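Asks: okay, here's the prediction I keep looking at, along with the sequence it came from:
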Amino acid sequence: MYRSFANHPEITGDVGKFISTSNQNHFPCTTLLSTSDRRAEAIMNLLREETPRGFIFIGEKFCEYEYFEIPFIDKMLRKED
């Protein structure tokens, strides 16, 4: 859910600016090709900042791209441990 609430641009009445700002500052997502390569590292940075005791993988329905990165993120997590 991080990408749902992490960034919310200021509402100014300029729809174009709102969408542009939202897309530019959007948390990296597997479905946004311009940001997908940064997603795994962005997740790792969040984990380093928050120091969690665990990590739960949840695949969003109809977002198969996320399933492709699970083994990669799993490997990154094991290296951090």
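Replies: Right, received. Where do you want to start?
Asks: alpha carbons only for contacts and neighbour counts from here, please
Replies: Noted.
Asks: what is the host helix or strand of residue 40 packed up against?
Replies: Per DSSP states H and E, residue 40 falls inside helix 33-50. When contacts are defined as 3 or more C-alpha pairs under 8 Å, 6 or more residues apart in numbering; DSSP states H and E, helix 33-50 packs onto helix 64-80.
Asks: shaky segments in this structure?
Replies: Along the chain, segments meeting pLDDT under 70 span 1-8, 81.
Asks: just the C-alphas of stretch 40-50, formatted as CSV.
Replies: Provided in CSV are the C-alpha atoms of stretch 40-50 (Å, rounded to 0.1, in the frame of the first residue of the first chain):
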residue,chain,number,x,y,z
ALA,A,40,13.6,-3.3,-5.5
GLU,A,41,16.2,-0.8,-4.2
ALA,A,42,13.4,1.6,-3.0
ILE,A,43,11.9,-1.3,-1.0
MET,A,44,15.3,-2.1,0.4
ASN,A,45,15.8,1.5,1.4
LEU,A,46,12.4,1.6,3.2
LEU,A,47,13.4,-1.5,5.1
ARG,A,48,16.8,0.0,6.1
GLU,A,49,15.0,3.1,7.4
GLU,A,50,12.3,1.2,9.3
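Asks: now do the buried residues in it.
Replies: Judged by neighbour count (16 or more other C-alpha atoms under 10 Å), stretch 40-50 contains these buried residues: 40, 47.
Asks: likewise for stretch 65-79?
Replies: 66, 73.
Asks: residues in contact with that stretch: which ones?
Replies: Residues outside stretch 65-79 that contact it (C-alpha atoms under 8 Å, 6 or more residues apart in numbering): 30-31, 40, 44, 57, 59-60.
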